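> Predicted structure and sequence below. I'll ask about it afterward.
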Amino acid sequence: MNAWEPIAVEDTPACGAFGLWRAAADGQAPPTPLVFASPHSGRDYPEDMMAAAALDAQTIRRSEDAFVDDLICEAPKLGATVIAARYARAYIDLNREAFELDAGMFEDELPEFARSRTARVAAGLGAIARVVSEGQEIYARKLMFSEARGRIDGAHRPYHAALERLLAETQRAHGVAILIDWHSMPAAAARAGGRDRPCDFVLGDRFGAACAGLLTQRVERELEAMGYRVARNNPYAGGYTTEHYGRPARRIHALQIEINRGLYLDEAALTPTAGFEALKANLERLTRTLAGADWTGLKAS
């Protein structure tokens, strides 16, 4: 299923942690202000993780945003730079703060700077997840902090260093950077809020704090024109990436897009359905529209 054809892959020691596909040759200015990220579609499960796990890889895979990277794989040809995780979300969650860790998961004490009392940690979904779907415990034993530190240093930090660099160079080239953080949600979550019909997409802009309304409105309008049902900030308002990088006053706008897995995925088998290609084509259409849009209004935000 992997349709990636890299235009230029980041050649660094960290390249095992993520893939980077540029819309222009290395050293040249990006042709559009678009930067796409897929932090939860990685499907590499390192041996050290699986040796400590109580679950098999197929069960743990239920936490993946499966195939989201493949859905956006044509974006570099349309002018967007793409960065995508290679390690699985359960191994290290790139949409969390690096040291957002559950103290109860570790044999030794965490350092004082660790953030152990967040809502995400309480739900078992910190930077190193404790559970997968339906609350199944991932690990058969407690971890050591050194294991977490290795994952953070080997994957989380390089990914975010690269993403920060991409946003900075994009903003220098265009006066504005637009980060789209791509995710997928279980079909059951798409009915949140007592909806009579599930939504197809949820746009998370931190209730307007992470990007100008112009960006959210344009994405919403384009998706609705394709016949999709779109919600805002419910049940997902945006995670660490959107919150951390979305700085409209600094002309960096971040928007999280959640896709209903029911549109393209057999959630039990974790295989693409017949809807995959139609969805992919529509996301390419959305990307083409965003790449060709006039974003002058974002520079004044």
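Noted; the coordinates are in hand.
> Show me the strands in the chain, by range?
Assigned strands in the chain, in chain order: 18-21, 34-38, 81-85, 177-185, 201-204, 230-232, 252-260, 265-266, 271-272 (criterion: DSSP state E).
> Send me the fourth one as PDB with only the CA atoms.
In PDB, the C-alpha atoms belonging to strand 177-185 read as follows (Å, rounded to 0.1, in the frame of the first residue of the first chain):
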ATOM      1  CA  ALA A 177       3.800  28.700   7.400                       C
ATOM      2  CA  ILE A 178       0.800  26.400   7.500                       C
ATOM      3  CA  LEU A 179       1.100  23.200   9.400                       C
ATOM      4  CA  ILE A 180      -1.600  20.500   8.800                       C
ATOM      5  CA  ASP A 181      -1.300  17.700  11.400                       C
ATOM      6  CA  TRP A 182      -3.000  14.700   9.900                       C
ATOM      7  CA  HIS A 183      -4.700  12.000  12.100                       C
ATOM      8  CA  SER A 184      -7.500   9.500  12.000                       C
ATOM      9  CA  MET A 185     -10.200   8.700  14.500                       C
END
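> What pairs with that strand, parallel or antiparallel?
Applying DSSP bridges, strand 177-185 is found paired with strand 34-38 (parallel), strand 252-260 (parallel).
> Then the third one?
Strand 81-85 has these partner strands in its sheet, going by DSSP bridges: strand 18-21 (antiparallel), strand 34-38 (parallel).
> I'd like the average pLDDT over the shortest one.
Going back to what we said before, that points to strand 18-21. For strand 18-21, the mean pLDDT works out to 96.
> for stretch 93-108, same thing?
Averaging pLDDT residue by residue across stretch 93-108 gives 97.
> likewise stretch 212-224?
According to the model, stretch 212-224 has a mean pLDDT of 98.
> Show me what counts as buried in it.
212, 214-216, 218-220, 222-223 (16 or more other C-beta atoms under 10 Å). The way it works is simple: take the backbone N, C-alpha and C, and place the C-beta from them, glycine included.
> low pLDDT regions in this protein?
Along the chain, the model assigns pLDDT under 70 to residues 1-15, 193-195, 301.
> wait, what's in contact with Gly262?
Gly262 makes contacts with 187, 190, 198, as judged by C-beta atoms under 8 Å, 6 or more residues apart in numbering.
> Please, a PyMOL command that selects the buried ones among those?
Provided next is the PyMOL selection string for whichever of those are buried by 16+ other C-beta under 10 Å:
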select buried, resi 190+198
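> Quick check: the gap between Leu78 and Leu20.
As for Leu78, its distance to Leu20 is 16 Å (criterion: C-beta to C-beta, to the nearest Å).
> actually Ala29, not the one I typed
Here the criterion is C-beta to C-beta. By it, Ala29 lies 16 Å from Leu20.
> Neighbour count for those two, which is higher?
Neighbours were counted for Ala29 and for Leu20 using other C-beta atoms under 10 Å; Leu20 has more, 24 against 11.
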